[in-house]
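[1] Whatever this is, show me its structure:
(one chain, ligands or ions: 1)
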Amino acid sequence: MIEIKRSQVLLDNIAAEHLLYYLTKTTKKIDEFLKKRLPKEQRAFLQYIRINLKKILIGRPEELEKIANEIEVHFPTVVAQIRHSKSKAYSLLGKIQTLFNYDAFTKRNAPSKWGAYRLATLLNVNVCVYCNRQYTHTYSSPEKRVRPQFDHFLDKASHPYMAISLYNLIPCCSICNSSLKGTEKFTTKTHLHPYIEGVGERIRFSVRFKTDSLDYMKLWDGNSDVFDIVFKTSRKTPLNFQKRFIRTIRTFKIKELYQFHKDYTAELIVKSQVYNDARIGSLLVDFPQLFQNRDDVLRMITTNYTKVEDLDKRVLAKLTIDIASEFELT
Ligand SMILES: [Zn+2]
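    Sure, this is the predicted structure:
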């Protein structure tokens, strides 16, 4: 739901490091396989992989999908073998997994060496981009380490040759990756790709009250029967985007899981009543040493970030921005 927005310089540096580590050694491995006797289509497939290796490693999501589609069309036997064979060293799938070894990529723990930890450290995405509910910080010491999981946007069972493709690796939480997405098939035509687009302001969290009169005491009690958390779509949102959004939130159970944040939402609504325009203005005047501008005051009140570009800095930032805006806490 949140776009991974990073500077082109950073993304280019990451891509350069990825290529430096993989391009030559993977090409050599492919050449080793090509020296052996191979069925005609397998040979053609490996040659195709060799020619397109750079794109496979660092191509943008659209390029990766184009390659996946070409492979489907031109190498049907290979595709069938990938889907139905077991991962044995001598099998085609085994060969592909040797070339694009995700397990090895994730095992290189030292933050200085290229691998999942270094990628996570450089990307510095600290909140799950799918749910915005879980932190995904990267920490590494000789004894213990944590990092976000990497979801394979194009699933790696169907596309094992994209197992270490940079733009196919989405940093996210384990709930979204392992518990909810699992092996579900995503494409940029069916789901939102965090490297391409986020929900932004097109679709907002909103509150739908179940009764006509709003009882603030019930809200304050955390009475979850008072309202539901729903989505509001801006009129300009293309239908196509809405469809991708709906499929994405269904996979990650966003609507269902956000109902557990009604207490937080209720507190925001209460704050919107307490901190009216005049009060925010007077806080700004009374504490010039604490607040430089209105956004600083709003951040203190909401205890969250208040700008769309900061959505990946704290959990529930999107919910906070949307509800604060709905209740004119802006
Ligand atoms: Zn998540």
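
[2] If you rank every helix and strand of the protein by mean pLDDT, what lands last?
    Across the helices and strands of the chain, mean pLDDT, DSSP states H and E gives its lowest value to helix 216-220, namely a mean of 74.

[3] ok, which stretches of the stretch 201-330 of the chain are helices?
    Using DSSP state H, counting those that start in this stretch, the helices of the stretch 201-330 of the chain run over 216-220, 239-251, 254-258, 262-274, 277-286, 294-302, 317-326.

[4] how far out from the middle of the chain is the least confident helix or strand of the chain?
    The chain centroid and the centroid of helix 216-220 are separated by 35 Å under Cα atoms, centre = their mean, to the nearest Å.

[5] In JSON lines: the helices of the stretch 201-330 of the chain, plus distance to Phe209 and mean neighbour count.
    For glycine as for every other residue, the C-beta is placed from the backbone atoms N, C-alpha and C. Formatted as JSON lines, these follow (distance: least, Cβ to Cβ, whole Å; neighbours: other Cβ atoms under 10 Å):
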{"stretch": "helix 216-220", "distance to Phe209": "10", "mean neighbour count": "14"}
{"stretch": "helix 239-251", "distance to Phe209": "21", "mean neighbour count": "16"}
{"stretch": "helix 254-258", "distance to Phe209": "16", "mean neighbour count": "18"}
{"stretch": "helix 262-274", "distance to Phe209": "10", "mean neighbour count": "18"}
{"stretch": "helix 277-286", "distance to Phe209": "23", "mean neighbour count": "12"}
{"stretch": "helix 294-302", "distance to Phe209": "20", "mean neighbour count": "18"}
{"stretch": "helix 317-326", "distance to Phe209": "12", "mean neighbour count": "22"}
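
[6] Out of these, which gets nearest to the ion?
    Each of the helices of the stretch 201-330 of the chain was checked against the ion via Cβ to the ion, and the shortest separation belongs to helix 254-258, namely 8.9 Å.

[7] what pLDDT, on average, does the closest one get?
    Per-region confidence: helix 254-258 scores 97 on mean pLDDT.

[8] Show me how far it is from its chain's centre.
    Between the mean C-alpha position of helix 254-258 and that of its chain there is a distance of 16 Å (Cα atoms, centre = their mean).

[9] In terms of secondary structure, what does it contact?
    Helices and strands in packing contact with helix 254-258 are listed as strand 227-233; criterion 3 or more Cβ pairs under 8 Å, 6 or more residues apart in numbering; DSSP states H and E.

[10] hmm, who's touching the strand it packs on?
    Counting contacts by Cβ atoms under 8 Å, 6 or more residues apart in numbering, the residues outside strand 227-233 that touch it are 202-210, 219, 242, 249, 255, 258-259, 261-262, 265-266, 319.

[11] SS state for the nearest residue in space to Thr187 that is not next to it in sequence?
    Take Thr187 and drop its neighbours on the chain: the residue closest to it by Cβ to Cβ, 6 or more residues apart in numbering is Glu65, 6.1 Å away. When states are read from DSSP: H, G, I helix; E, B strand; the rest coil, the local structure at Glu65 comes out as helix.

[12] right, and Glu65 touches His159 too?
    No. Shown here, Glu65 and His159 do not form a contact pair, counting by Cβ atoms under 8 Å, at 9.5 Å.

[13] Comparing these two, which residue is more hemmed in?
    His159 (25 against 20; other Cβ atoms under 10 Å).
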